[in-house]
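Chemist: okay, predicted coordinates and the sequence, questions at the end:
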Amino acid sequence: MNKFNFKSQCLYSSNIKLVTIALLMIALIVFAWPAQPASAANALTVQVSKGGEIAKVASYSKEDLEALGTVQQYYSSVDANSAPVVVVARGVAISTLMADLGINIADAETLRFASSDGGNRSYSVATYVSAARYYYPQIVDGYDADADEIPAFVAGADQEKVKVSAMLALASYEGRYQSKPDASQMSSANGLRFCYGQSAINEAVSLNYNKYINSLTIVLKSSSSYQLPEEDESSGESSGDTAIPSTGIPEVLDREGLMADTLTITVGYYGGTYYTKKVFTLEELQAMANVQQVYSCIDNMPAVCLDAAVGVRLTDILAAAGIDVNSVQSFHFYCADVSRTWYTSMSKTYLLDTPRYYYPNLPKSWDYDEAKAISGATAGAREVDVILALQDKWRRFAMETDYSDLTDTTRFRLLFGQSDVYTVEGSRSAKWVHTIAVTLGGSPPKGVTLNASALDLTVGSDYQLSATVEKTDQTTDTRVIWSSSDEDIVSVDKSGNITVKGDGQATVTATTVFGGLTATVVINGSTDAADSTATGSSTNTNGSNTTGGSNSTEGKEDTDSADAAQTETGGVYRISVGGSDTANSEAGVQRWRDSEMAANAVALPDIETDSPLMRITLIAILALFIVGILGRIIIYRLEV
């Protein structure tokens, strides 16, 4: 075989590999590309209503709408949790659609949209289409997250505004805390979507953006000169809806595959650092006491929704994490579909202290024309627990529900019932929860001291230790946890009473429940130990021993022992002061040598950290890479 044939075969073999890889990538793209939701309608039926009569006037495919001409705009809003969001959308302006239908906007009174998910909404043309509405570019940068009442914005945030028109969006993307979301992220996952601007920077408009629209009825003023088509079979006030089953319409998820396998509980004080207290696995949550309940709620449509669920009480989760529920001030729930920050926050008073109910008669006692509950809605109310659902079955317009066909597609989902039959709270039922940040009330103590720093006691004797916790004006908890570095030598009970059981040295530590501040006393550490009645000489903050009779190494070991004891008993996580946590870090510990270096010691030679072999290997790889490229170029030139 000559060298040219050999090179040609090599090139052929290489090309086969490249083609194979390309085909595999194409196959992955084709099969992995997310399918468009079934409810994302691709066609729009338009009807016109005038004087009580109604007629179908047009039907548009997606291609027909594209042919009308599209515009791309940004729409600002605040969401259900009062956080700033911006929607980037591309679609057909309502004015363009009306012009294509030959309808003067001034003649239109109402736009009625029907959606494949059962969502039917009506919008006043004068308010949402004709009136000036805007996109506020500073809605994110000007958002004041520290304000007592949200949404709040810094002065001047609403000065810059861009006028936008109402549209039927063919593709859109919503970015939370994003002033200009990436337009390349737009998709048609929401089907046809009605979007419009804000009249003020704090207006929550995106909550009312209709999705999956498949029908539009334009209600004209009686004074309009528009003539309905004659002999149209479409008569009567029909919006093209199909009958809704008594089991309701299932939830349409914009995203899938976000189920959490672990639930992380963090704890901290407002304005401070939050530390991981406990990470629950799915198996651990499944092993806890599960409750089975039905929850009712009102969503943003507004419509009544029912959710049958199986899950774990939030109070049980807090207890298992070692958190006293009475010390909690608020909760922040982090979800997999929101990457930048928390999805929703609730105070303990709102979520746990307020009685919450399932209203079984609400679905049958809801007036969809007036969007409100009617007489009998509260009858038969049943109090429910706040849970993190492991499985659930969410349905809109459901008249009844059951526990068949539960799914885990929204795991873990926050469900908390209703406090009344008129408040819209459905959007606060967070799904895909993976972390709960627990904010404690008040502030941690400033320090802790003991009534002794070192004690010399005989075997069999007892001694009562007492801890003094230095408080701030906001300190609400002064409890301490007692622990011994060696229970076989010195034991200590929960009240600080110690008993010497054997010979040897041991350290007893008092740790504040909140703040993780520690103070220690050394038992039988030396023959010249301080008098057992010494007071006020022992202080230890965040594991750094400052008392006599103990070096810094021993202080760290004692702290670790206390941590271990707390972990085993489910004690409260140690929160440090000043943003440091030496209970979980070696950074604050100096482990000194036991002896000094000999006077005749010789310094060790420098050790070369970079191996010559590594450098040679890297150079060889680079050379092979360059030779390979040059070889391909030469082969190409020879074949050409």
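Modeler: In hand now; what should we look at? Numbers count the residues shown, from 1 in each chain.
Chemist: how about the spatially closest residue to Val328 that is not a sequence neighbour, what does it touch?
Modeler: Distances taken as Cβ to Cβ, 6 or more residues apart in numbering place Lys348 nearest to Val328, at 4.7 Å, with adjacent residues excluded. The C-beta positions use only the backbone N, C-alpha and C, and glycine is treated the same way. By Cβ atoms under 8 Å, 6 or more residues apart in numbering, Lys348 lies in contact with Val325, Val328, Gln329, Ser330, Phe331.
Chemist: tell me how this protein divides into domains.
Modeler: Following automatic domain parsing, one finds the domains of the chain at 44-220, 249-440, 447-584.
Chemist: mean pLDDT lowest where, among those domains?
Modeler: Ranked on mean pLDDT, the bottom entry among the domains of the chain is domain 447-584, at a mean of 67.
Chemist: format the domains of the chain as CSV; extra columns: distance to Ala620.
Modeler: Formatted as CSV, these follow (distance: least, Cβ to Cβ, whole Å):
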stretch, distance to Ala620
domain 44-220, 41
domain 249-440, 42
domain 447-584, 44
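Chemist: so who does Ile150 touch?
Modeler: Counting by Cβ under 8 Å, 6+ apart, Ile150 makes contact with Ser82, Ala83, Asp144.
Chemist: repeat that with 7 Å
Modeler: Counting by Cβ atoms under 7 Å, 6 or more residues apart in numbering, Ile150 makes contact with Ser82.
Chemist: confirm it sits in a strand?
Modeler: No - secondary structure of Ile150 (DSSP: H, G, I helix; E, B strand; the rest coil): coil, not part of a strand.
Chemist: do you know how far it is from Ser179?
Modeler: 17 Å (Cβ to Cβ, to the nearest Å).
Chemist: equivalent analysis for Leu318, please.
Modeler: For Leu318, the distance to Ser179 - Cβ to Cβ - is 36 Å.
Chemist: more crowded one of those two?
Modeler: In this view Leu318 and Ser179 are compared by other Cβ atoms under 10 Å, and Leu318 has more residues nearby, 22 against 17.
Chemist: didn't the more buried one look like it was pressed against Val325?
Modeler: Yes - assessed by Cβ atoms under 7 Å, Leu318 is found in contact with Val325 at 5.2 Å.
Chemist: give me the number of residues near the spatially closest residue to Asp144 that is not a sequence neighbour?
Modeler: Nearest residue to Asp144 in three dimensions, chain neighbours excluded: Ala152, at 4.3 Å (Cβ to Cβ, 6+ apart). By other Cβ under 10 Å, 15 other residues sit near Ala152.
Chemist: now do Val312
Modeler: Neighbours around Val312, by other Cβ under 10 Å: 24.
Chemist: regarding Thr266, what is its secondary structure?
Modeler: Going by three-state DSSP: Thr266 is strand.
Chemist: oh sorry, the question was meant for Leu111
Modeler: Three-state assignment for Leu111 (three-state DSSP): strand.
Chemist: so the closest residue to it other than its chain neighbours, which of the three states?
Modeler: Nearest in space to Leu111, with sequence neighbours left out and distances taken as Cβ to Cβ, 6+ apart, is Tyr123 at 4.8 Å. Classification of Tyr123 by three-state DSSP places it in strand.
Chemist: so for Ile621, which of the domains of the chain sits nearest?
Modeler: With Cβ to Cβ as the criterion, Ile621 lies closest to domain 44-220 of the domains of the chain, at 35.3 Å.
Chemist: now the end-to-end length of the closest one.
Modeler: Criterion Cα to Cα, to the nearest Å; first-to-last residue distance in domain 44-220 is 19 Å.
Chemist: the residue nearest to Asp144 against Asp146, yeah?
Modeler: No - contact criterion Cβ under 7 Å: Ala152 and Asp146 do not qualify, at 8.6 Å.
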